[in-house]
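Asks: This is the structure alone, sequence omitted:
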């Protein structure tokens, strides 16, 4: 399968899903839950993720170009909550009890059992109100599955 075909398969139908974004910063692993994640381009395959401008993660993403985005399944609501909590610890601690691995291209921690995981490289940042959009090229689709339903969040509530 081509990179574009992998990308289309990975994001098809998940544009409004909940995503855990992770990045490796030296010896630390950081992550957050994002609900503003979308496909931007098919050629080259690109996505955009919105992160609060005042967050420490935005500062790290401006230093570290490579990161991972995992589209969560409806069974991963607790994981989404852990990554969304204020004052959350390192992503390593948040994923300690969940199957995960390091991405080959980003070295970021990638939770398993999601719907798909993409490894990305930031190509552009855009200030957008109180958020920064990280527009990134998709380097690889780490995994893709259609066995589960996506975790969806609308009006500050998860849909069941």
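Replies: That came through fine. Note that the structure is a prediction, hence the values are computed from the model and not measured. Numbers count the residues shown, from 1 in each chain.

Asks: contacts and neighbour counts: CA atoms only from here.
Replies: Will do.

Asks: mean confidence for stretch 72-79?
Replies: Averaging pLDDT along stretch 72-79 yields 92.

Asks: For this protein, which segments count as helices?
Replies: Applying DSSP state H to the chain gives helices spanning 3-11, 56-63, 77-84, 91-94.

Asks: Quickly, which of these bottoms out on average pLDDT?
Replies: The minimum mean pLDDT among those belongs to helix 3-11 (a mean of 62).

Asks: Going along the chain, name the strands of this protein.
Replies: 19-25, 28-34, 37-41, 46-52, 66-71, 100-102, 109-111, 116-128, 131-144, 153-154, 157-158 (DSSP state E).

Asks: mind putting the ones you listed in a markdown table, distance to residue 85 and mean neighbour count included?
Replies: Shown next, in a markdown table, are the strands of the chain (distance: least, Cα to Cα, whole Å; neighbours: other Cα atoms under 10 Å):
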| stretch | distance to residue 85 | mean neighbour count |
| --- | --- | --- |
| strand 19-25 | 12 | 25 |
| strand 28-34 | 8 | 21 |
| strand 37-41 | 19 | 19 |
| strand 46-52 | 14 | 22 |
| strand 66-71 | 17 | 29 |
| strand 100-102 | 20 | 14 |
| strand 109-111 | 17 | 27 |
| strand 116-128 | 21 | 20 |
| strand 131-144 | 18 | 22 |
| strand 153-154 | 15 | 14 |
| strand 157-158 | 15 | 10 |
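
Asks: To residue 77, which of the ones you listed lies closest?
Replies: Among those, the nearest to residue 77 by Cα to Cα is strand 157-158 (8.0 Å).
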